[in-house]
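Colleague: Model the structure of this input:
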Amino acid sequence: MDLREIWENKEKYLQQEIVLNGWVRSRRPQKEFGFIDFSDGTCFKHLQIVYDNQMPNFEEVSKILVGSAISVKGTLVKSEGGNQDIEVKASEITLLGACPEDYPIQPKKHTREFLREEAYLRPRTNLFQAVFRVRSIAAFAIHKYFQENGYVYFHAPLITASDCEGAGEMFQVTTLPIDKIKGTPDYKQDFFGKMTNLTVSGQLEAETFAMAYKKTYTFGPTFRAENSNTKTHAAEFWMIEPEIAFCDLEGDMDIMEDMLKYIVKYTLDNCPDEINFFDSFVEKGLKAKLEKLVQSKFTRIDHEEAITLLKKAPVKFEFTPEYGEDIAKEHEKYLTEYYDGPVFIKNWPKDIKAFYMKQNPDGKTVAAVDLEVPGAGELMGGSQREEDYDKLLKRMQELNMDSASLDWYLNLRKYGTCVHSGFGMGFERLLIYLTGVENIRDVIPYPRTPGNCEY
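Modeller: Residues are numbered from 1 along each chain as shown. The predicted model follows:
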């Protein structure tokens with residue numbers, strides 16, 4: 001039996017004898033009786049274990065330390081104290097795995113920086129119990145949404161010879177003896193016979209499946225060799241990338257909005273204790289923010305319209321908004337506050353967006369979109385993909401890209417092409433939004449950042 005079953009059916013098990021296996025989170029041994037705060041990880045709630053000196057091994061149980069694994073046999077009763085509804089009056093407590101006094105996770109407040117140093121133990125704290133359960137539930141919600149809507153789950157390759165974003169910030173994969181190479185490596189002698197890297201995106205490959213299945217999505221790890229130490233950047237992170245055939249930019253935004261609302265609502269419905277914890281101890285008003293998003297109608301404005309609005313704003317920005325340029329965090333914040341909800345910014349300047357985006361008739365913009373949400377800024381980015389072979393090839397040439405290495409991608413435009421769109425969402429950015437925990441290092445189990453690759 002486990003705590004999840006107990007808490008979901010507590011009336012059923014009152015006055016019943018139960019057996020539980022789990023860990024000591026805290027303890028209060030006294031002369032004739034004692035209390036153990038017990039958790040087994042199956043739900044966010046703990047359960048108080050009460051024992052007394054009628055137990056044959058009372059002295060031994062009183063010496064069990066925090067972190068130890070125990071087995072408890074006893075009767076579930078209504079609690080006489082005011083801090084909990086129910087508790088277990090133990091008849092037997094067996095030590096299964098002892099924990100020493102120098103166990104790092106003691107029942108006191110630890111800084112998040114300290115817990116990153118002990119990342120293999122931090123899931124045992126309340127904060128990270130909540131964070132990583134939300135991560136699990138949100139991941140399931142993503143799959144559930146797409147599977148219920150007829151998408152095919154596509155496993156994008158992690159090793160690739162193409163650079164989707166054209167940024168060049170990729171981790172190289174090689175079996176060449178790099179410590180012995182002088183000059184330019186001969187990649188024909190490498191494992192794959194060419195230069196290869198860890199993927200920055202599964203989008204290009206996913207488009208091939210969209211042209212066969214109509215609707216597909218990827219959900220997996222991606223990598224960026226970007227030497228950035230901000231709260232929102234990591235070298236390894238997870239991405240959700242749907243691709244949809246016969247779908248234009250407006251349809252793309254419909255799906256982005258519908259998917260996000262579904263995931264947020266599913267998380268609210270299935271992690272109530274965790275959300276309440278975050279609302280109380282991490283970000284005040286988090287629950288109301290998430291509930292409001294589910295009920296919101298997302299605004300849609302052109303990039304040019306957004307810049308005009310920002311230029312007329314009765315506030316002084318640190319960075320002056322300019323036509324033809326990207327927008328800053330402070331601009332994102334103003335726009336979501338102005339519209340009192342999420343905002344789609346669409347039809348971006350061509351020169352600051354990726355090569356594969358649909359070129360608009362004006363010759364200056366592309367059918368791209370970013371979703372800005374209150375309190376987090378950019379959460380998703382997408383576009384209608386360029387389906388015209390000649391336009392796509394010309395754009396690649398303008399950017400001095402190696403079109404020969406992407407001939408297969410160009411060929412999609414020759415073999416039964418159609419209007420198609422897609423978008424990407426960083427999973428960790430979503431988790432930051434869902435939990436209020438603002439650092440990406442605290443929403444991924446073992447963060448990979450510059451100078452850090454522990455565990």
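Colleague: Alpha carbons of stretch 133-150, as CSV, please.
Modeller: Presented in CSV, the C-alpha positions along stretch 133-150 are these (Å, rounded to 0.1, in the frame of the first residue of the first chain):
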residue,chain,number,x,y,z
ARG,A,133,6.1,15.5,-10.2
VAL,A,134,4.8,18.5,-12.2
ARG,A,135,7.4,17.7,-14.8
SER,A,136,6.2,14.2,-15.0
ILE,A,137,2.5,15.2,-15.2
ALA,A,138,3.1,17.9,-17.7
ALA,A,139,5.1,15.6,-20.0
PHE,A,140,2.2,13.1,-19.9
ALA,A,141,-0.2,15.9,-20.7
ILE,A,142,1.8,16.8,-23.8
HIS,A,143,1.7,13.3,-25.1
LYS,A,144,-2.0,12.9,-24.2
TYR,A,145,-2.9,16.1,-26.0
PHE,A,146,-1.2,15.1,-29.3
GLN,A,147,-2.3,11.5,-29.1
GLU,A,148,-5.9,12.4,-28.6
ASN,A,149,-5.7,14.7,-31.6
GLY,A,150,-4.3,12.2,-34.0
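Colleague: So which bits of it are buried?
Modeller: For stretch 133-150, a neighbour-count test (16 or more other Cβ atoms under 10 Å) marks 133-135, 137-139, 141-142, 145-146 as buried. The way it works is simple: take the backbone N, C-alpha and C, and place the C-beta from them, glycine included.
Colleague: next one: stretch 443-455
Modeller: By neighbour count with 16+ other Cβ under 10 Å, stretch 443-455 contains the buried residues 443-444, 447-449.
Colleague: For Pro104, which residues are in contact?
Modeller: Shown in contact with Pro104 (Cβ atoms under 8 Å, 6 or more residues apart in numbering): 118, 121.
Colleague: So Glu226 sits against Glu236, correct?
Modeller: No: using Cβ atoms under 8 Å, Glu226 is not in contact with Glu236, being 11.3 Å away.
Colleague: Determine the residues that are contacts of both of the two.
Modeller: Overlap of the contact sets of Glu226 and Glu236 (by Cβ under 8 Å, 6+ apart) is empty.
Colleague: Do you have the strands of the stretch 51-200 of the chain handy? List them.
Modeller: Using DSSP state E, counting those that start in this stretch, the strands of the stretch 51-200 of the chain run over residues 69-78, 86-97, 152-153, 159-160, 172-173, 196-198.
Colleague: most tightly surrounded among those?
Modeller: By mean neighbour count, with neighbours taken as mean count of other Cβ atoms under 10 Å, strand 196-198 ranks first of those at a mean of 19.
Colleague: Can you tell me what sits against that strand?
Modeller: With Cβ under 8 Å, 6+ apart, strand 196-198 has contacts from 158-161, 163, 170-174, 190, 222-223.
Colleague: Tell me which two of these sit farthest apart.
Modeller: Asp190 and Thr222 (22.0 Å; Cβ to Cβ).
Colleague: Please identify which helix or strand holds Ser421.
Modeller: In this structure, Ser421 is located in strand 420-426 according to DSSP states H and E.
Colleague: Partner strands of that strand and their direction?
Modeller: In the sheet, strand 420-426 lines up against strand 236-245 (antiparallel), strand 377-385 (antiparallel) (DSSP bridges).
Colleague: Format those as CSV; extra columns: distance to Arg112.
Modeller: Below are these laid out as CSV (distance: least, Cβ to Cβ, whole Å):
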stretch, distance to Arg112
strand 236-245, 18
strand 377-385, 21
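Colleague: To Thr308, which of those strands lies closest?
Modeller: Closest among the strands paired with strand 420-426, once you apply Cβ to Cβ, is strand 377-385, at 19.6 Å.
Colleague: so whichever helix or strand comes after the closest one versus strand 377-385, what angle?
Modeller: Later in the chain than strand 377-385, the nearest helix or strand by DSSP H and E is helix 389-398. Relative orientation of helix 389-398 and strand 377-385, computed by axes from the mean of the first three to the mean of the last three Cα atoms, to 10 degrees: 130 degrees.
Colleague: State the number of residues packed around the nearest residue to Asp52 once chain neighbours are set aside.
Modeller: Excluding its sequence neighbours, the residue lying closest to Asp52 (Cβ to Cβ, 6 or more residues apart in numbering) is Phe33, at 4.1 Å. Phe33 has 15 neighbours, counted by other Cβ atoms under 10 Å.
Colleague: my read: Phe33 touches Asn53, true?
Modeller: Yes: when contacts are counted by Cβ under 8 Å, Phe33 is listed as touching Asn53 (6.8 Å).
Colleague: And the helices in the stretch 201-350 of the chain, which stretches?
Modeller: For the stretch 201-350 of the chain, the helices defined by DSSP state H, counting those that start in this stretch occupy 203-213, 249-270, 272-281, 286-295, 303-311, 329-338.
Colleague: which of the residues in the first one are buried?
Modeller: Spelled out, it's helix 203-213. 203-211.
Colleague: pLDDT score for the spatially closest residue to Met211 that is not a sequence neighbour?
Modeller: Spatially, and ignoring its direct neighbours in sequence, Met211 is nearest to Leu412 (5.7 Å; Cβ to Cβ, 6+ apart). Looking at Leu412, its pLDDT is 97.
Colleague: What's the local residue count around Lys62?
Modeller: No, residue 62 isn't Lys; it's Ser. What Ser62 shows, counting by other Cβ under 10 Å, is a neighbour count of 18.
Colleague: Contacts only, for it.
Modeller: Ser62 neighbours (Cβ under 8 Å, 6+ apart): 29, 34.
Colleague: any idea of the pLDDT on it?
Modeller: pLDDT, Ser62: 97.
Colleague: Mind exporting the C-alpha coordinates of stretch 25-43 to CSV?
Modeller: Output of stretch 25-43 as CSV, limited to C-alpha atoms (Å, rounded to 0.1, in the frame of the first residue of the first chain):
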residue,chain,number,x,y,z
ARG,A,25,11.5,13.1,6.6
SER,A,26,11.7,14.4,10.1
ARG,A,27,11.3,12.9,13.7
ARG,A,28,10.4,14.0,17.2
PRO,A,29,11.4,11.2,19.7
GLN,A,30,10.2,11.8,23.3
LYS,A,31,10.5,9.9,26.5
GLU,A,32,7.4,7.7,26.2
PHE,A,33,6.3,8.2,22.6
GLY,A,34,7.5,9.8,19.3
PHE,A,35,6.4,11.1,16.0
ILE,A,36,7.8,10.5,12.5
ASP,A,37,7.0,12.6,9.4
PHE,A,38,6.7,9.8,6.8
SER,A,39,6.8,10.0,3.0
ASP,A,40,7.0,7.3,0.3
GLY,A,41,7.1,9.6,-2.7
THR,A,42,3.8,8.4,-4.3
CYS,A,43,2.1,11.8,-3.5
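Colleague: Show residues contacting that stretch.
Modeller: 2-5, 7, 20-24, 46-53, 61-66, 70, 72, 88, 93, 107, 123-124, 129, 273.
Colleague: Swap in 7 Å and give it another go.
Modeller: Applying Cβ atoms under 7 Å, 6 or more residues apart in numbering, the contact partners of stretch 25-43 are 2-4, 7, 20-24, 46-53, 62, 64, 66, 72, 107.
Colleague: for stretch 200-208, same thing?
Modeller: 154, 156-157, 162-165, 170, 216, 218, 220, 222-224, 239, 241, 243, 385, 409, 412, 420, 422, 424.
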